[in-house]
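Need coordinates for the below:
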Amino acid sequence: MKRRDFLAAGATLAACAPLPGWPTSDGVDEKVAKMRAAWRELEPLTQGFYTNYTGSDIVVAGQRENFGGNFERLVALKAKYDPMNLFRLNANVPPNA
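Prediction:
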């Protein structure tokens, strides 16, 4: 199925979370590069992302785009209730974005 047909059909990719793993560390950089290249091809077919599936390479700009109009409200809540960013180990919104 061609991309435009896929999108025109209203198809939804509900969850795509490639979680690669390798038995050794040999060639990891190359393998990660291939996974990122594959994601760049899939990303145009998506509408945002599930924040718990993100890696450390997602920057504030990606979060802002994902949360849309809610981003500033989330930043304000984070600044009010967690200004020291204690809960930072998950995919959180930074308190000073």
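
only C-alpha atoms for contact and neighbour calcs from this point on.
Will do.

any weak-confidence spans in the chain?
Low-confidence segments of the chain (pLDDT under 70): 1-20, 50-59, 90-91, 97.

One more pass at 90, please.
For the chain, the stretches flagged by pLDDT under 90 are 1-71, 85, 87-97.

Put the alpha carbons of the helix ranked longest in the chain into CSV.
The longest helix of the chain (DSSP state H) is helix 28-42. Written as CSV, here are the backbone C-alpha positions of helix 28-42 (Å, rounded to 0.1, in the frame of the first residue of the first chain):
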residue,chain,number,x,y,z
VAL,A,28,25.9,-0.6,18.5
ASP,A,29,26.4,2.8,17.0
GLU,A,30,25.6,1.5,13.5
LYS,A,31,22.6,-0.4,14.7
VAL,A,32,21.2,2.7,16.5
ALA,A,33,21.7,4.8,13.4
LYS,A,34,19.7,2.2,11.4
MET,A,35,16.9,2.3,14.0
ARG,A,36,16.8,6.1,13.9
ALA,A,37,16.8,6.1,10.1
ALA,A,38,13.8,3.7,10.1
TRP,A,39,12.0,5.9,12.6
ARG,A,40,12.5,9.0,10.3
GLU,A,41,10.6,7.1,7.7
LEU,A,42,7.8,6.2,10.0
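
next structured bit after that helix?
Once helix 28-42 ends, the next helix or strand along the chain (criterion: DSSP states H and E) is helix 60-67.

Buried residues in that following helix, which are they?
Buried positions in helix 60-67, judged by neighbour count with 16 or more other CA atoms under 10 Å: Gln63, Arg64, Asn66, Phe67.

May I have that helix as PDB, with CA atoms only?
The C-alpha coordinates for helix 60-67 follow below in PDB (Å, rounded to 0.1, in the frame of the first residue of the first chain):
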ATOM      1  CA  VAL A  60      12.000  20.400  24.400                       C
ATOM      2  CA  ALA A  61      11.000  21.400  20.800                       C
ATOM      3  CA  GLY A  62       9.800  17.800  20.300                       C
ATOM      4  CA  GLN A  63       7.800  17.900  23.500                       C
ATOM      5  CA  ARG A  64       6.300  21.300  22.600                       C
ATOM      6  CA  GLU A  65       5.200  20.000  19.300                       C
ATOM      7  CA  ASN A  66       3.800  16.800  20.800                       C
ATOM      8  CA  PHE A  67       1.800  18.500  23.600                       C
END
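
Since that was my last question, I'll sign off now.
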